[in-house]
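>>> the sequence and its predicted three-dimensional model are supplied below.
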Amino acid sequence: MRIGIYIGRFQPFHKEHFKTLISYSKRCDKIIIVPIYYERNGKEILSQKNPIPIKLRVNYIRSIIDDYPFLRNKCYIIPQNVFDTNFLKNIQYLILSSCKTSENSENSVTIFTRDLSRKLIYSLYFSTFSFFGIKVKVIYDKEKSISSSMIREAIRKDNYENIRKLLVKDLDIKTIYYIKKTHNYKDLGILPI
């Protein structure tokens, strides 16, 4: 089985994310989309870089997938808290539970990310998976003609015409509210994994 794991903040999910998803949907039997979030003591932490709560991001991504029948039965959304001490182990569990255990089938996993630091971390961490008979490849998606920060900045400046060109579908009013609300919040002083 060929599994694709797409890990990112998706703040918000935009046309470049979608383009990557479509590309890998052609190569993979199953795709797990992993929107990451930051939560401590049961409270999600929002900031300028991470203004949209996980529930809104998951609903938005799900609404996009639901619009494309060929993605509906292939894509699964499983959010993960980066502050969970078992974050990488949770990804490892997703990989192992997604692969078939049959000795006759060849299992491969492609993890794709738009963040170079994540690529390096995942490459090191998951390099041991050949021991389980699973080929793991980590791909850094260098294409960055659109970024979520561009979209957030346009929303903060009320430049909605440009935003529509960058998104797969319109954002709901709650998402726009959170992007504007967190404009003056300090960014988290951590390396997002």
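All right, it came through fine. Numbers count the residues shown, from 1 in each chain.

>>> from here on, just use CA atoms for contacts and neighbour counts.
Noted.

>>> so which elements touch the one helix or strand Leu124 maps to?
For Leu124, the enclosing helix or strand under DSSP states H and E is helix 116-125. Judged by 3 or more CA pairs under 8 Å, 6 or more residues apart in numbering; DSSP states H and E, helix 116-125 is in contact with strand 134-140.

>>> check the gap between the residue nearest to Tyr125 when sequence neighbours are not counted and Lys15 for me.
Nearest non-adjacent residue to Tyr125, counting by CA to CA, 6 or more residues apart in numbering: Leu88, 7.9 Å away. Taking CA to CA, to the nearest Å as the measure, Leu88 and Lys15 are separated by 27 Å.

>>> Asp84 belongs to a helix, doesn't it?
No - read with DSSP: H, G, I helix; E, B strand; the rest coil, Asp84 is coil and lies in no helix.

>>> may I have the predicted confidence score for it?
According to the prediction, Asp84 has pLDDT 89.

>>> phi first, then psi, for it.
With angles defined as degrees, to the nearest 10, Asp84 sits at phi -70, psi 130.

>>> which residues in this structure form strands?
Assigned by DSSP state E, the strands in the chain fall at 2-8, 30-37, 39-40, 43-44, 75-77, 80-81, 107-113, 134-140.

>>> and the ones you listed: which comes nearest Ala154?
strand 2-8 (20.5 Å; CA to CA).

>>> got the CA positions of that closest one in CSV?
C-alpha atoms of strand 2-8 as CSV (Å, rounded to 0.1, in the frame of the first residue of the first chain):
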residue,chain,number,x,y,z
ARG,A,2,1.2,3.5,-0.8
ILE,A,3,0.5,6.0,1.9
GLY,A,4,0.9,9.7,1.7
ILE,A,5,1.1,11.8,4.9
TYR,A,6,0.7,15.5,4.5
ILE,A,7,1.8,17.4,7.6
GLY,A,8,1.4,21.2,7.9
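
>>> so how far is that strand from its chain's centroid?
Put simply, strand 2-8 sits 8 Å off its chain's centre (CA atoms, centre = their mean, to the nearest Å).

>>> stretch 74-87 too?
Distance, centroid of stretch 74-87 to centroid of chain: 9 Å (CA atoms, centre = their mean).

>>> with stretch 164-173 instead?
Relative to its parent chain, stretch 164-173 has a centroid offset of 17 Å by CA atoms, centre = their mean.

>>> just stretch 154-164 next, same as before
Centroid separation between stretch 154-164 and its chain, computed with CA atoms, centre = their mean, is 22 Å.

>>> mind listing what's buried along that stretch?
Neighbour counts using 16 or more other CA atoms under 10 Å place 155-156, 163 of stretch 154-164 among the buried residues.

>>> just the residues you listed: which are in helices?
In helices, judged by DSSP state H, the following of these are found: 155-156, 163.

>>> ok, so of those residues, who is nearest Lys19?
Nearest to Lys19 among these is Ile163, at 16.6 Å by CA to CA.

>>> OK, contacts around that closest one?
Contact partners of Ile163, counting by CA atoms under 8 Å, 6 or more residues apart in numbering, are 151, 154-155.
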